[in-house]
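S.K.: Mind folding the following:
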Amino acid sequence: MKRNFSVLCILLGFVLCFSTVWASSSERYIVKFKDESIKKGSNQQVIQAKQDLLAKNVKSLKKVVKTSKNLEINNLWIVNAVAVSADENELARIKAMPQVDRVIRSEYKIYIDKDIDKKPVKPARGEIQWSVERMKAPQVWNEFKIDGAGVVVGHLDTGVFGEHPALAGKILAFKDFTPEAKPEAFDGQGHGSHTAGTIVGGEGVGVAPAARLIVARVFDTKGGTTTEILLSAMQWVVDPDGNPETKDGPRLVSNSWGSNNSTDKVFWDVVQSWVDLDILPVFAAGNNGMWGGKVGTPAAFPHSWAVAATTSSDSLAYFSSQGPVAWDGSPLMKPDIAAPGDRIVSCSHNGGMVSNSGTSMACPGVAGVAALMYQADPALTIEQIRLISEETAKDLGTVGKDGKFGSGLIDAYAAVARVLENAELVSSYQAYETSLQAEYALIGAQPVSPLAAPLASSIIERTAELDEGQFQALCIKVSQNCGESAAQLLKEAKATRVARELNR
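M.R.: Below you'll find the model as predicted:
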């Protein structure tokens, strides 16, 4: 019996030793190569340049670790990096490469806080929620005929329940990066469906109900994921069809996630790449306010737009993380802007409605307002979106930008009104042509156009309201700057103008 026990112990020890070696050899690492300048250009040119640069570095990497048969390389051109499986010997050789800047472990972390005061609700059908009213989105829809049409918003979360009545037809692309790899638009936790609803949901819950989503399911039911998965999703959302020649990326990405660390720079480069590609990064500030916690990363980055949460009485939600933060010894005021984030009603992942609280709920509200602004003037830059929103926000705290509310509560009506003062409608005609391209790249020809058609209706309405001088000037600009699709849309707008004139 003792002898058998001894043999068992030896075998068990061997198994444990083997398991340890196997675990070590299968560890995933992010290998970041040294940055090289990428010349500015179109998104297509920048993406292609990034891919070419990484290909050159991967070729060198394979030469250094040519004895390995199981690197399992995942190209992360968005940050000039790869994710690899490597043992200690391979890792040492990789670190010694002159092209390598740093190597970090792909860790699993929790990025989405536990739900705060979450509970099912049954609002009256079509009732516009207080949070949407408070941001004055309905005034934008009704007065300016702007509801987010034609704007594509990226969304990284726990997924989305695509069959929800308030979300049906609003998901242009979906990819599941979790180990489950669900093929359909799926959400096993609920957080993502709620945040998606606040951006584009119908039935009174969404700020920009005519906008459309590109959704990456990144987080599991615990709100966690790995560094590699997050970087992969942040790369995919930039070019979801994998063809840089097609214009199918979003104008902005809504991120209701983050770490509690105010100085972690793991995602610094990928957020900067978004900005370089003119994609606005909107991030939740974090829910550490009750503990005196600072705004976490990536929201704390200078190039991220950090969103604080307010209540129905316009006070700061008790959980909303505060600033300022510091980078390289210099203080930086964060958050940047605020939106309703307390007891927000939106979509659940079972088809109903649910109330939830957090800066996660405030972030998509700001993303929705940005979508309205981009529809009003597709030529807006990231800097203009941020500047106009913060200048027109309702100042709630200390005069000026402060560490609680940022620049104040976002005001969709004031922001869009400011945008329209200088907007040229020709940019909307150009955006219409881009939306046709994006729609075809992501979903192909459809009986009903989910992206371009709503934008066309909005453009026709806005064109019909121009005086004759403005309309003639628009005709000249469209002929000089647009293609056949825009010219055809202009003909439809002209017919609408004539019909209305005859009916007066």
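
S.K.: hmm, which helix or strand of this protein has the shakiest average pLDDT?
M.R.: Evaluated with mean pLDDT, DSSP states H and E, the helix-and-strand set of the chain has its lowest mean pLDDT in helix 2-25, which scores a mean of 35.

S.K.: Which helix or which strand is home to Arg418?
M.R.: When secondary structure is defined by DSSP states H and E, Arg418 falls within helix 412-422.

S.K.: what does whatever helix or strand comes next after that helix rub up against?
M.R.: Where DSSP H and E defines the elements, the next helix or strand beyond helix 412-422 is helix 426-443. For helix 426-443, contacts defined as Cβ atoms under 8 Å, 6 or more residues apart in numbering pick out 150, 152, 172-173, 214, 240-241, 243, 246-249, 375, 377-379, 446, 449-452, 455-456, 458-459, 462, 474, 477-478, 481-483, 485-486, 489-490. Where you see a C-beta, it was placed from the backbone N, CA and C, and this is true even at glycine.

S.K.: Same question for stretch 99-114.
M.R.: Outside of stretch 99-114, the residues that reach it under the criterion Cβ under 8 Å, 6+ apart are 27-35, 57, 60, 83, 91, 94-95, 157-158, 191, 219, 222-228, 230, 256-259, 266, 286-287, 358, 360.

S.K.: ok, so what distance separates Glu203 from Cys347?
M.R.: Using Cβ to Cβ, to the nearest Å, one obtains 8 Å as the distance from Glu203 to Cys347.

S.K.: Looking at the two, which has the bigger crowd around it?
M.R.: With neighbours defined as other Cβ atoms under 10 Å, Glu203 and Cys347 compare such that Cys347 has more, 30 against 22.

S.K.: give the contact list for that one.
M.R.: Contact analysis of Cys347 by Cβ under 8 Å, 6+ apart lists Phe161, His164, Ala166, Leu167, Ser193, His194, Ala196, Gly197, Gly201, Val205, Met353, Val354.

S.K.: what do Glu203 and Cys347 both touch?
M.R.: Common neighbours of Glu203 and Cys347, counting by Cβ under 8 Å, 6+ apart, are Ala166, Met353.

S.K.: ChimeraX command for the buried members of the contacts of helix 426-443?
M.R.: Restricted to the buried members of the contacts of helix 426-443, where burial is judged by 16 or more other Cβ atoms under 10 Å, the ChimeraX selection command reads as follows:
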select :150,152,172,173,214,240,241,246,247,248,249,375,377,378,449,450,451,452,455,456,458,459,462,474,477,478,482,485,486,489,490
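
S.K.: Tell me how many other residues crowd Cys164.
M.R.: Cys isn't right for residue 164; it's His. So His164, with other Cβ under 10 Å, has 26 neighbours.

S.K.: tell me the contacts of it?
M.R.: Residues in contact with His164 (Cβ under 8 Å, 6+ apart) are Ser193, Gly197, Gly201, Cys347, Ser348, His349, Gly351.

S.K.: how close does the last one sit to Asp220?
M.R.: The span separating Gly351 from Asp220 equals 21 Å under the rule Cβ to Cβ.

S.K.: same deal with the first one?
M.R.: Separation of Ser193 from Asp220 (Cβ to Cβ) stands at 15 Å.

S.K.: neighbour count winner among those two?
M.R.: Counting neighbours by other Cβ under 10 Å for Ser193 and for Asp220 shows that Ser193 has the greater number, 29 against 19.

S.K.: Good, wrapping up.
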